[in-house]
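this is a predicted model, with the sequence first.
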Amino acid sequence: MSSNALKIIKESLMIVTILVAASVLLAPALFLTSSSIERAHSYAKYKSLYVEVSFDAQDLKDPSKVKRKPVGSGSGFVYDLDGHYFLVTNRHVCEAGGVKYCKGISNPEIKFVNYSNKSLSFQDFFISEKTDICYVSLDKDQALSLADPFEGASSSPYGEEVFAVGHPGGRGDAVTTNGVYVSEGNQVYLGNVETATRTCPDETKEQYEKRIDDYIEKVKKEGTVEDLFYYKSISTTIPIYSGNSGGAMFNSSGKLVGISTFTIGSAPHGYGVHVVELDLELKKFIEWRKR
């Protein structure tokens, strides 16, 4: 056998060895990635809630007639904060993207529905003025009858695998997606200005602009925009689809890291309210209730 042939054989064996070694090293990582989302979906199925919002709305042609209308939907979950139980979603879900501020709209009701179609409805719920959070306080028996609760994560290192669970397709099975925890930062939330950007059916352009201007004046009197509307957020590589809003973002240990809130453009980049902000909001509520 010529020296050239031996050289070719040696090089071929070296390439094969490298490929085999690479497959051995990469296979577990690929397996973990594919199996982790399956485990996360099975785990989150019993924790994710579909959220439906309805209002009494006047008939535009006959204002004397009022009908109950479903006007928005999203996702939610049960949260356990030191033995205090809450149903949580986004504020913009509770307010149906601004429909709440339309003329002729009244008596909002929010319904949380679990995987077996059991539901709880509430007309009394709380919204955060500073962050995109809406929540309902309930007792332990009510909470556990609807879903297994999430607990908050103490910390989440950058680069950690995280998951989002929600109902982008509406009522039905929850959908779980995964990505990477990218960073933390400050997000600006413009409260009613942001959620009221949808022009109401019977509202003129002038009325809409006045409503926004009036709210901005109110903000100026109460404090600076920076004081009122900056909150801690998280950034992930998880795409957030319509219907995912208000759903849980959690890590591989099943601990809550944030609330799915929005995405920008078509890039797979999802933002959420940091769990720290949720804890601060709920602790304020617990203290207020003790008074």
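Ah, there it is. Numbers count the residues shown, from 1 in each chain.

contacts only, for the spatially most central residue of the chain.
Closest residue to the average C-alpha location of the chain: S260 at 2.2 Å, with CA atoms, centre = their mean. Neighbour list for S260: 75, 90, 164, 166, 238, 240, 244-249, 270, 272 [criterion: CB atoms under 8 Å, 6 or more residues apart in numbering]. Glycine gets a C-beta too; all of them are placed from N, C-alpha and C.

so where's the stretch 101-250 of the chain uncertain?
101-103, 186-205, 208, 211-212, 215-216, 219-220, 222-230 (pLDDT under 70).

from the contacts of S260, which land in strands?
Using DSSP state E, the subset of the contacts of S260 located in strands is S75, A164, G166, A248, M249, G270, G272.

which one of those residues is nearest H84?
A248 (17.1 Å; CB to CB).

can you get me a residue count around that closest one?
30 (other CB atoms under 10 Å).

tell me what whichever helix or strand I110 is part of is packed against?
Using DSSP states H and E, I110 maps to strand 105-113. If you count contacts as 3 or more CB pairs under 8 Å, 6 or more residues apart in numbering; DSSP states H and E, strand 105-113 packs onto strand 48-58, strand 66-81, strand 84-89, strand 119-122, strand 134-138.

what strands flank it, and is each parallel or antiparallel?
Neighbouring strands of strand 105-113 in its sheet, by DSSP bridges, are strand 48-58 (antiparallel), strand 119-122 (antiparallel).

could you tell me the least trusted of the ones you listed?
Note on these: lowest mean pLDDT is at strand 48-58, with a mean of 88.

check the offset of it from the chain's centre.
16 Å (CA atoms, centre = their mean, to the nearest Å).

bridging residues for V136?
L87.

wait, it sits on F122?
Yes - with contacts defined as CB atoms under 8 Å, V136 counts as touching F122 at a distance of 5.0 Å.

among those two, which residue is more densely surrounded?
V136 (22 against 15).

that one: what's it in contact with?
Per CB under 8 Å, 6+ apart, neighbours of V136: F86, L87, I110, F112, F122, D124, F125, F126.

then K67?
D56, A57, D59.

quick revisit: which residues do V136 and F122 both contact?
Joint contacts of V136 and F122 (CB under 8 Å, 6+ apart) are L87, I110, F112.

find the nearest non-adjacent residue to the last one, please.
Which is F112. L49 (4.6 Å; CB to CB, 6 or more residues apart in numbering).

how much space separates Y135 from V182?
As judged by CB to CB, to the nearest Å, Y135 and V182 stand 26 Å apart.

who has more neighbours out of the two?
More neighbours surround Y135 than the other of Y135 and V182, with 21 against 18 (other CB under 10 Å).

just checking, that one touches L282?
Yes - using CB under 8 Å, Y135 is in contact with L282, at 6.8 Å.

overlap in contacts of the two?
Between them, Y135 and L282 have Y79, F86 as joint contacts when contacts are counted by CB under 8 Å, 6+ apart.

number of residues surrounding L138?
When neighbours are defined as other CB under 10 Å, L138 has 19 of them.

so how far is A147 from the residue lying closest to it once chain neighbours are set aside?
Counting by CB to CB, 6+ apart, Y85 is the residue found nearest to L138 once chain neighbours are left out, at 5.6 Å. Distance of Y85 to A147, computed by CB to CB: 10 Å.

quick check: neighbours shared by those two?
Common neighbours of Y85 and A147 (CB under 8 Å, 6+ apart) are V78.

more neighbours: these two, which one.
Between Y85 and A147, A147 has the larger neighbour count (other CB under 10 Å), namely 22 against 19.

isn't the more buried one right up against Y50?
No - if you go by CB under 8 Å, A147 and Y50 don't touch, sitting 10.7 Å apart.

who touches both of these two?
Counting by CB under 8 Å, 6+ apart, the residues touching both A147 and Y50 are N114.
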